[in-house]
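Engineer: one predicted model, sequence on top.
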Amino acid sequence: MIAASPVPLRVGIMGGTFDPIHHGHLVAASEVADEFGLDEVVFVPTGAQPFKLDRDVTVAEHRYLMAVVATASNPRFTVSRVDIDRPGVTYTIDTLRDLHAAYPGAELFFITGADALSQIMQWKDVSELLKLAHFVGVTRPGHDLSAEELPPGEYSLHEIPAMAISSTDCRQRVIADKPVWYLVPDGVVQYIGKHRLYKDVSTITERLAPAVGEEEL
Ligand SMILES: Nc1ncnc2c1ncn2[C@@H]1O[C@H](COP(=O)(O)OP(=O)(O)OP(=O)(O)O)[C@@H](O)[C@H]1O
Ligand SMILES: O=C(O)c1ccc[n+]([C@@H]2O[C@H](COP(=O)([O-])O)[C@@H](O)[C@H]2O)c1
């Protein structure tokens, strides 16, 4: 008798700068998990995102902890440190290799908004990248959802409820003393206030691009 092979785990990966994590990220992950029957969605805060090296970004530990707070109540959501613990620039090719090692035999689904999806052809090692995970692009207000440059069969497009929320807008609201209630989870509102994120810029932000000569990219 041939033993039945175990059904592979279906794992979603939601990569992002998450500065801060907001309900747009959470709805995208929840909708894709439902549509694709995912067993788990791993949120992966980035280290030094290659296209954001000239930006000030909140220190990784705060972004990681906000993701933990935001996902704590969902038993299928977890948060990974793989990108923030790996030195150097964060490339998704390394994220996927690390997560294949952490979840041997699992099928990986990389979840991305329409804006990020449109740039994927410029990501490092794109042809290998597309073999390591199935890419799922989700709708995002203000961005066209298309992936014409990507090879057919390597990705899916999925419509989700429109959440006109961005981390940029959340940060600007905090700076302007406007509320971010209901744009981000309650615990994240409180975390931002407790640590004075986006207010105390001199102490809580880091520029991702190292000073010239300081570190080789
Ligand atoms: N409102 C949203 N709806 C759908 N997808 C989203 C939404 N916001 C972010 N995403 C997707 O989530 C991932 C992580 O996004 P990111 O952390 O950069 O948030 P952001 O709001 O775009 O941040 P910022 O405004 O700082 O650029 C990306 O794939 C992005 O396209
Ligand atoms: O691998 C790359 O070359 C690459 C370039 C740009 C962005 N990414 C990934 O895209 C995801 C969304 O990034 P962001 O900063 O828009 O939230 C996140 O997981 C990044 O690591 C990856």
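Structural biologist: Yes, it's here. Ligands and ions are numbered 1, 2, ... in the order given.
Engineer: what comes into contact with the top helix by length along the chain?
Structural biologist: When the chain is parsed with DSSP state H, its longest helix is helix 23-36. Outside helix 23-36, the residues within contact range by Cβ atoms under 8 Å, 6 or more residues apart in numbering are 10, 12, 14, 16, 18, 38, 41, 43, 70-71, 74, 76-77, 109, 111, 113, 136, 138, 140, 156, 158, 160-161, 163, 165-166, 182-185. C-beta here means a position set from N, CA and C on the backbone, and glycine is covered the same way.
Engineer: near ligand 2, which residues of this protein?
Structural biologist: 15-17, 46, 49-52, 90-93, 116, 123-124 (Cβ under 6 Å from any ligand atom).
Engineer: same thing but 8 Å
Structural biologist: Residues of the chain lying close to ligand 2 (Cβ under 8 Å from any ligand atom) are 13-18, 44, 46, 49-52, 83, 90-95, 110, 112-113, 115-116, 119-120, 122-125, 129, 167.
Engineer: show me where this protein has helices.
Structural biologist: Under DSSP H, the chain gives helices at 23-36, 60-71, 82-85, 92-102, 114-117, 126-132, 167-175, 186-194, 201-204.
Engineer: out of those helices, flag the one nearest ligand 1.
Structural biologist: helix 23-36 (2.3 Å; Cβ to the nearest ligand atom).
Engineer: is ligand 1 within reach of the closest one?
Structural biologist: Yes: looking at helix 23-36 against ligand 1 by Cβ under 8 Å from any ligand atom, the contacts come from 23-25, 27-28.
Engineer: for those residues, which one is nearest E149?
Structural biologist: A28 (21.3 Å; Cβ to Cβ).
Engineer: so what's the residue count around that closest one?
Structural biologist: Counted with other Cβ atoms under 10 Å, residues neighbouring A28 total 26.
Engineer: can you check the pLDDT for it?
Structural biologist: A28 is assigned a predicted lDDT (pLDDT) of 98.
Engineer: now the one 4 residues further on
Structural biologist: Each residue has a pLDDT score; the one for V32 is 98.
Engineer: again with K199
Structural biologist: At K199, pLDDT is 89.
Engineer: what about the closest residue to D125 other than its chain neighbours, distance to L130?
Structural biologist: With sequence-adjacent residues excluded and distances taken as Cβ to Cβ, 6 or more residues apart in numbering, D125 is closest to I93, at 4.4 Å. Distance, I93 to L130, by Cβ to Cβ, to the nearest Å: 10 Å.
Engineer: the two: which is more packed in?
Structural biologist: Just comparing I93 and L130: by other Cβ under 10 Å the higher neighbour count belongs to L130, 19 against 14.
Engineer: quick check: closest non-adjacent residue to the more buried one.
Structural biologist: Computed as Cβ to Cβ, 6+ apart, the closest residue to L130 that is not its neighbour in sequence is E154, at 4.4 Å.
Engineer: and that neighbour, how many neighbours?
Structural biologist: E154 has 16 nearby residues by other Cβ under 10 Å.
Engineer: contact residues of this protein facing ligand 1?
Structural biologist: Residues of the chain lying close to ligand 1 (Cβ under 8 Å from any ligand atom) are 14-19, 21-25, 27-28, 46, 49, 52, 111-117, 138-141, 143, 160, 162-171.
Engineer: please, a ChimeraX command that selects the buried ones among those?
Structural biologist: Burial among the residues of the chain next to ligand 1 is assessed by 16 or more other Cβ atoms under 10 Å; the matching ChimeraX selection reads:
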select :14,15,16,17,18,19,21,22,23,24,25,27,28,46,49,111,112,113,114,116,117,138,139,140,160,163,165,166,167,170,171
